[in-house]
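1. need coordinates for the following:
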Amino acid sequence: MPAKKQAHTPLKSWIRITITASETISDPIADFICEQTGGVEQIPIAATNPAQEQIVGYLENTPQATEVLKTITDYLAELAFLNPGEENTRLATEIVPDEDWNKTWKEGFKPLPITAHLVIKPTWESYQPGPGEKIIEMDPGMAFGTGHHASTKLALEFIEALFHGHETAPKTVLDVGTGTGILAMAAALFGAQEVLAIDNDPEAVAVAEENILRNNLFPIIKANDVTLQDIPQQFDLVIANIIHDTLIELANALAAHLAPNGRLIMAGILTGPQTDNIRAAYTALGLTHQETKAEGEWSALLFARP
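-> Down below sits the predicted model:
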């Protein structure tokens, strides 16, 4: 009998998407690419005037990739139309083998000091913490989830400040829209006694639970997809790193879950009208605006309940 031919599974490959753009519009591009690919890296380009960044994402090389690339191209064209003077944004693509993709991610993700007392590190890197430093161990994922994005960084700075230099640090914390769980984990590492991390995406809850277990924080943090309406208790600290429209929609519910003398941290807000709108909406609910932090086009706000 003739020998049967063995069917070989085709080797997986990836499309590396590299977009070069000014820093003025790099964050919204990174957010959009992250939505399309599930991961993104922003790399500043040295000695450019005006300042530029490269936004790098990876898309699995499948028949559906063509449509995704068209969506990205259309988005960049619309962004250029809405932002006169930003027509020089460049898009480049390259096919890379699966093993090279994994290697590239690992090479690009090193231990990263996010705040004065917090370092994010991947599982394959060793890091010796300095005095007072806390470590969160995570593997690469969405930009919002690893602390690289300005919104996450600003929220982490507020969280750290509430646990350092305050006589009454928060004991109970609610993290709304937890994603990978990074903000909840930071609160637990800094000293929170009880943290509830919620998200309406079951996959995000699964990822958060995995990260919580990896960092040995499961006794302190519980992650689930319960809704705000189903949570009866109030918290010393409520964190919501989402988007402006959702923060406005949830304003009453978030304020209601804040205990007397509690603090509310909100991020994912564009600097300018969105920041002003959030400040007005939550002040109208009786909360006191204490501080606004900004980085690039992103802002985070801190409120207190008197």
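
2. buried residues, the helix or strand containing I72. List them.
-> Element membership of I72, judged by DSSP states H and E, is helix 65-82. Under the neighbour-count criterion of 16 or more other C-beta atoms under 10 Å, helix 65-82 has 65, 68-69, 72, 75-76, 79-80 buried. Where C-beta positions appear, they are placed from N, C-alpha and C, glycine not excepted.

3. export the residues you listed to TSV and tack on pLDDT and distance to A169?
-> Below are those laid out as TSV (pLDDT from 0 to 100; distance: C-beta to C-beta, whole Å):
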residue	pLDDT	distance to A169
A65	91	48
V68	92	45
L69	94	48
I72	94	43
Y75	91	42
L76	92	44
L79	87	42
A80	86	46
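
4. quick check: the two most widely separated of those?
-> Largest separation among the buried residues of helix 65-82 by C-beta to C-beta: A65 and A80, giving 22.5 Å.

5. the helix holding I72: what's the following helix or strand?
-> Per DSSP H and E, helix 65-82 leads on to strand 90-97 as the next helix or strand towards the C-terminus.

6. so what does that next one touch, helix or strand wise?
-> Strand 90-97 sits against strand 13-22, helix 65-82, with contacts defined as 3 or more C-beta pairs under 8 Å, 6 or more residues apart in numbering; DSSP states H and E.

7. that one versus helix 65-82: what angle between them?
-> Strand 90-97 runs at 160 degrees relative to helix 65-82, counting by axes from the mean of the first three to the mean of the last three C-alpha atoms, to 10 degrees.

8. for strand 90-97, which strands pair with it and how are they oriented?
-> According to DSSP bridges, strand 90-97 forms sheet pairs with strand 13-22 (antiparallel).

9. got the buried residues for the helix or strand that the strand it pairs with is followed by?
-> The helix or strand immediately downstream of strand 13-22 is helix 23-37, counting by DSSP H and E. Buried residues in helix 23-37, defined by neighbour count with 16+ other C-beta under 10 Å: 23-27, 29-34, 36-37.

10. chain center to helix 23-37: distance?
-> Averaging C-alpha positions (C-alpha atoms, centre = their mean, to the nearest Å) puts helix 23-37 12 Å from its chain's average.

11. just the C-alphas of it, formatted as CSV.
-> Taking C-alpha atoms only, helix 23-37 is exported to CSV below (Å, rounded to 0.1, in the frame of the first residue of the first chain):
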residue,chain,number,x,y,z
GLU,A,23,2.7,62.2,20.3
THR,A,24,-0.4,64.4,19.9
ILE,A,25,-2.5,61.6,18.5
SER,A,26,-0.4,58.5,19.5
ASP,A,27,-2.6,57.7,22.5
PRO,A,28,-5.9,57.4,20.6
ILE,A,29,-4.2,55.4,17.9
ALA,A,30,-2.7,53.1,20.5
ASP,A,31,-6.2,52.6,22.1
PHE,A,32,-7.7,51.8,18.7
ILE,A,33,-4.9,49.4,17.7
CYS,A,34,-5.3,47.7,21.1
GLU,A,35,-9.0,47.1,20.5
GLN,A,36,-8.2,45.5,17.1
THR,A,37,-5.2,43.4,18.2
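
12. which other helices and strands contact it?
-> Partner elements for helix 23-37 (3+ C-beta pairs under 8 Å, 6+ apart): strand 13-22, strand 41-45, strand 52-60, helix 65-82.

13. tell me what the last one is packed against?
-> Right, helix 65-82. Where contact means 3+ C-beta pairs under 8 Å, 6+ apart, helix 65-82 is packed against strand 13-22, helix 23-37, strand 52-60, strand 90-97.

14. contacts for the shortest one, please.
-> Residues external to strand 90-97 that are found in contact with it (C-beta atoms under 8 Å, 6 or more residues apart in numbering): 11-21, 58, 61, 69, 72-73, 76, 104.

15. dump the residue contacts of P44.
-> Each residue near P44 by C-beta under 8 Å, 6+ apart is listed here: 23, 51-53.

16. which of the residues you listed sit farthest apart?
-> Using C-beta to C-beta, these reach their maximum pairwise distance at A51 and E53, which is 7.5 Å.

17. so what touches the lengthiest strand in the chain?
-> Longest strand of the chain, by residue count under DSSP state E: strand 258-270. Residues outside strand 258-270 that contact it (C-beta under 8 Å, 6+ apart): 151-152, 154-155, 158-159, 162, 168, 170, 172, 234-244, 247, 254-255, 275, 278, 282, 287, 290, 297-306.

18. tell me the contacts of the closest residue to T246 other than its chain neighbours?
-> Nearest non-adjacent residue to T246, counting by C-beta to C-beta, 6 or more residues apart in numbering: G177, 7.6 Å away. For G177, the contacting residues are 198-200, 240-242, 246, by C-beta under 8 Å, 6+ apart.
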